[in-house]
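Asks: Okay, here's the prediction I keep looking at, along with the sequence it came from:
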Amino acid sequence: MTELNHSVYSIYKWLLSRHIKVPLEWVQECVSFLVSEGISQELMCDSVYEQWLVSDVKTLQEGVINFNTDIKELKNEVFALQMNYAIDISKSRFSQLRALLGVNDGNTDVQAFEDPNTKWEPKPSRCLLLELTDGVQQVKGIEVEPLCELSTALECGTKLLIKGPIKCVRGCLLLRKNCISILGGHVDELVERYSQPSVLKSLLDNVAANQNRELCSKS
Amino acid sequence: ARSYAVQRLAFLSSDARVVTPLRMKVLNVAEKNDAAKSIANVMSRGSSQRREGYSQYNKIYQFDYMFQGQQVTMVMTSVSGHLQDVEFGGQYKSWKSCSPLALFDAPLVKFVPDKFQPIKRTLEREARGAQKLIIWTDCDREGENIGFEIIDVVTQANPRIQVLRARFSEITANSVNRALSSLRPPDHLQNDAVEVRRELDLRIGAAFTRFLTLRYQTAFPELSDMIISYGSCQFPTLGFVVERYKQIQEFKSEPFWKLSTTLQEERKRVTFNWKRVRLFDYDAVRALYEECIANPVATVTDVRKKSKSKWRPVALDTVEFEKHMSRKLKISAKTAMGIAEKLYTAGYVSYPRTETNKFPHDFNLRELVQQQTGDAAWGEFANRVLEEGVTPRNGNKSDEAHPPIHPIKYAPNLQGDEKRVYEYITRHFLACCSKDAKGFETTVEIEISSEKKWSDKDIPVFSTGDRYQPDSIQIQSGETSPPNLLTEADLIALMEKHGIGTDATHAEHIEKIQQRSYAGVQDNKFLPGKLGMGLVEADLESDLKLICEGKRAKDDVLRDQIRKYREKFEISLQRVADIDGQMQKYLDTQMGEPGVIQQTGITDQP
Ligand SMILES: [Mg+2]
């Protein structure tokens, strides 16, 4: 084994010890690139890690887990995922989009008489949905308890560490306290593609398309 | 000895000219006579002398006062709302015979209408010999504008007078004293904003009126009565109608899902609602649902009991009165005000134009309730109110001029709408004076599968820690729906929120946008007409706010807005065929309520 190869493998193992699974060839390429950039051996691990933080895991094609089961309790598993985007599913996309675009709908709240049906209804609190991926599969992360480390302002492509015990129900990870930590990073391309307005808009367009389809199939 | 003589003169004389200039004279002007009277009463502790001015409705109240460290003679009088009007000047004075487009830049003049000339003369007379002028008009945009009209008249009679503005929230000794110790120059920015709005309303209203007159006076002579009028405030009002209509047009409906569960307790089935209310992602709801199903045990986590009073209504002011008339009796605000005024003139109810929703302490409510005890429908209730004690539920607004709307004498012989309006005022008054109905509200929270909570409001006995097997756990689906079209009551609420017009004029502005066929009414909901849609694009309100904040200059905004409206107007002119169609439909339905203006479809010219 050459010295370079030895170093690549040890970095690969080091990443694995931090629950980050990537192809060995990717580490190889990454190290070659960093060497050509003049990065020293002492800084190599950290530099590779930083490269991973800003890479799109989709391009790494290294799946970690099968999420498509009925109900599964992931007991001791620890694994890293990439967040493509986060949206709040407690409010309609339409209202969020209007608020983001600065449309003032304040006057819609002005009612001459209060609606007795909604008067005692609790005020819904935020519930984030994170589109998560391990590079092969996608899974929805649902904020079932308030998690202050999450927000819609998290950069697209942020890497997260998920720690069991955590429940996975039909393609949804139920996110609770102590099961998630933010590693950081972002993916430039995703930041562009998944800005809040464009995510909300495309989800809204999907709704409209579905409604149209239903209408067509009915008639 | 000399000061004694002066005092005696001032006290005995009813003519201000006798007061020698040795003693400072301060002229105070309020927005209404009742306000002047109340302020003078507070400042003089009841010792002011009343004398006459040229206007029989606007008295003069005079008293000695320690002002800024010296004894001064205070003279307090009033106007009756706006003192000046704006009209086209020069050759455009008779604008009813020029091209509508010319009205966008024709010169304007301000003048005091004939009916206010006596007030003007009083102000001019009292301004002479006064060193200071204090403006006591209401502390809102409209009030600031009225203040500047007073300043205009007063400084023309006495250019050296120093102008000050009193800012107060209510007419109490505290508030008035605070205002006097913090007098400031008047706020010309707020005044600018109102002037911009008044000018635009005049120009656009006149241009449109003129256009309709030209086009329809011969074709539809029956229209001429309805459209030869213009005023202010109709554009912001129309703006609300159009804004809501557009919100509905742009609205996109979305599906949502929610969980609900039922428990059986004491032979009563109780439905619990999801604390999250709803989520907009089916997968997420299904995941949470399956988690519940996997471990379907409900644990009661919280039982809250709250004594909850069914509040009696707050004393009635004009705005509330109009809203209730429109919603509960389906009588338009304008018609309702007309009826209330008739009842007032006949001595059955108090003055219906009031901003006050609290009764003064010394008001004899008992006697007023007593008068109603003989009525077959509500006499018994009135008797109970007397037994349990007359305790009005007061709000916190007062114009210091008129009490809340209430019945003054028993009126068993009224008919039709007059009877209905009187009955509403009386029932509201009696309810306002009664005791709150006491009750309890219980909220129970349960958890299923350790994370989701439901709650319900009106249920049998549950205690914290109880565990149940739910009867059912379900996913329910629904869909968001667009906001409703505005009702007249909503429109009044919006005008109030944005401080447009006064309580006394809401109804007229709303009527006007209908008359001009900017908007139509369908099932008591407002729909904008095509013309209204075209005319409202320009966003005036936000510009007016910028003026008030000193961020945009008045002339800038005016130029901009006039240009925008002119363009809209020109487009409207090009679409006359549509307008003809609308007008015909409007006329077709004129026999009953003002007609619905169709949104689509171009009808051939009649
Ligand atoms: Mg006012």
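Replies: Here it is on my side, so go on. Numbers count the residues shown, from 1 in each chain, chains lettered A, B, ... in the order given.
Asks: thought B:Glu388 was touching B:Cys433?
Replies: No: assessed by CB atoms under 8 Å, B:Glu388 is found out of contact with B:Cys433, at 9.6 Å. Any C-beta I mention is one placed from the backbone N, CA and C, and that applies to glycine too.
Asks: between these two, which one's more packed in?
Replies: B:Cys433 (25 against 11; other CB atoms under 10 Å in any protein chain shown).
Asks: right, and the more buried one touches B:Asn394 too?
Replies: No: counting by CB under 8 Å, B:Asn394 is not a contact partner of B:Cys433; they are 10.6 Å apart.
Asks: care to break chain B down by domain?
Replies: B:2-186, B:191-250+B:485-588, B:255-311+B:438-479, B:318-435 (automatic domain parsing).
Asks: can you list the residues of chain A near chain B?
Replies: A:70-71, A:89-94, A:105, A:107-108, A:110-113, A:120-122, A:124-125, A:127, A:129, A:140, A:142, A:144-145, A:167, A:169-172, A:174, A:176, A:204, A:207-208, A:211 (CB under 8 Å from any CB of the partner chain).
Asks: Any quick ChimeraX command for the buried ones out of those?
Replies: In ChimeraX, this line selects whichever of these come out buried by 16 or more other CB atoms under 10 Å in any protein chain shown:
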select /A:89,90,91,92,93,94,107,108,110,112,124,127,129,140,142,144,167,169,170,172,174,176,204,207
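Asks: Just the residues of chain A next to chain B: which are in strands?
Replies: A:71, A:129, A:140, A:142, A:167, A:169, A:172, A:174 (DSSP state E).
Asks: What is the nearest of those to B:His428?
Replies: A:Leu129 (48.5 Å; CB to CB).
Asks: Surely that closest one touches B:Ala287?
Replies: No: look at A:Leu129 against B:Ala287 with CB under 8 Å: they stay out of range, at 10.6 Å.
Asks: Find the residues that touch each one of the two.
Replies: A:140, A:142 (CB atoms under 8 Å, 6 or more residues apart in numbering or on different chains).
Asks: pretty sure B:Leu263 is in a strand, no?
Replies: Yes: counting by DSSP: H, G, I helix; E, B strand; the rest coil, B:Leu263 is part of a strand.
Asks: Could you find the closest non-adjacent residue to B:Gly374?
Replies: Closest residue in space to B:Gly374, ignoring its immediate chain neighbours: B:Tyr410 at 6.8 Å, by CB to CB, 6 or more residues apart in numbering or on different chains.
Asks: check contacts around the one you found.
Replies: B:371-372, B:374-375.
Asks: roughly how far apart are it and B:Leu368?
Replies: From B:Tyr410 across to B:Leu368, the span is 10 Å (CB to CB, to the nearest Å).
Asks: Quick check, pLDDT for the closest residue to B:Ser182 other than its chain neighbours.
Replies: In space, and not counting its chain neighbours, B:Ser182 is closest to B:Arg167: 7.0 Å by CB to CB, 6+ apart. In this model, B:Arg167 is scored at 90, pLDDT.
Asks: Same question for A:Lys75.
Replies: pLDDT, read off for A:Lys75, is 84.
Asks: Repeat that for A:Thr69.
Replies: Looking at A:Thr69, its pLDDT reads 68.
Asks: Same check on A:Cys168?
Replies: 90.
Asks: Same check on the one 3 residues further on?
Replies: What the model reports as pLDDT for A:Gly171 is 87.
Asks: How about B:Leu212?
Replies: 63.
Asks: Which residue does the stretch 351-500 of chain B have closest to chain A?
Replies: B:Ala489 (3.5 Å; CB to the nearest CB).
Asks: what does the helix or strand hosting B:Lys306 rub up against?
Replies: Per DSSP states H and E, B:Lys306 falls inside strand B:298-310. Under the criterion CB under 8 Å, 6+ apart, residues B:261, B:263, B:436-448, B:453, B:462-470 lie in contact with strand B:298-310.
Asks: Give the pairing partners of that strand; include direction for each.
Replies: Each strand paired with strand B:298-310, and its direction, by DSSP bridges: strand B:437-448 (antiparallel), strand B:467-468 (antiparallel).
Asks: returning to what we had before: my guess is the residue of the stretch 351-500 of chain B closest to chain A is in a strand, correct?
Replies: No: going by three-state DSSP, the assignment for B:Ala489 is helix, not a strand.
Asks: thought it was touching B:Lys323?
Replies: Yes: using CB under 8 Å, B:Ala489 makes contact with B:Lys323 at a distance of 4.0 Å.
Asks: How about the contacts made by the residue in the stretch 51-200 of chain B positioned nearest to the ion?
Replies: Of all residues in the stretch 51-200 of chain B, B:Asp138 sits closest to the ion, at 3.8 Å by CB to the ion. Shown in contact with B:Asp138 (CB under 8 Å, 6+ apart): B:31, B:35, B:146, B:399.
Asks: rank the domains of chain B by mean pLDDT and give me the bottom one.
Replies: domain B:191-250+B:485-588 (a mean of 70).
Asks: what residues does the stretch 1-150 of chain B put near the ion?
Replies: B:Asp138 (CB under 5 Å from the ion).
Asks: all helices for the stretch 1-150 of chain B, in order.
Replies: B:2-12, B:33-44, B:117-127, B:141-157 (DSSP state H, counting those that start in this stretch).
Asks: Put the alpha carbons of the third one into PDB.
Replies: By that I understand helix B:117-127. This file holds the C-alpha atoms of helix B:117-127, laid out as PDB (Å, rounded to 0.1, in the frame of the first residue of the first chain):
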ATOM      1  CA  GLN B 117     -69.400  81.500   7.600                       C
ATOM      2  CA  PRO B 118     -70.800  82.300  11.100                       C
ATOM      3  CA  ILE B 119     -68.100  80.100  12.700                       C
ATOM      4  CA  LYS B 120     -65.500  81.800  10.600                       C
ATOM      5  CA  ARG B 121     -66.600  85.200  11.800                       C
ATOM      6  CA  THR B 122     -66.500  84.100  15.400                       C
ATOM      7  CA  LEU B 123     -63.000  82.900  14.900                       C
ATOM      8  CA  GLU B 124     -61.900  86.100  13.300                       C
ATOM      9  CA  ARG B 125     -63.400  88.200  16.000                       C
ATOM     10  CA  GLU B 126     -61.900  86.200  18.800                       C
ATOM     11  CA  ALA B 127     -58.500  86.000  17.100                       C
END
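Asks: What angle do helix B:141-157 and it make with each other?
Replies: 60 degrees (axes from the mean of the first three to the mean of the last three CA atoms, to 10 degrees).
Asks: which strands and helices sit next to helix B:117-127?
Replies: Here helix B:117-127 touches strand B:25-30, strand B:70-78, helix B:141-157, going by 3 or more CB pairs under 8 Å, 6 or more residues apart in numbering or on different chains; DSSP states H and E.
Asks: Mean neighbour count, these: which tops it?
Replies: Burial of those is given as mean neighbour count (mean count of other CB atoms under 10 Å in any protein chain shown); strand B:25-30 ranks first at a mean of 26.
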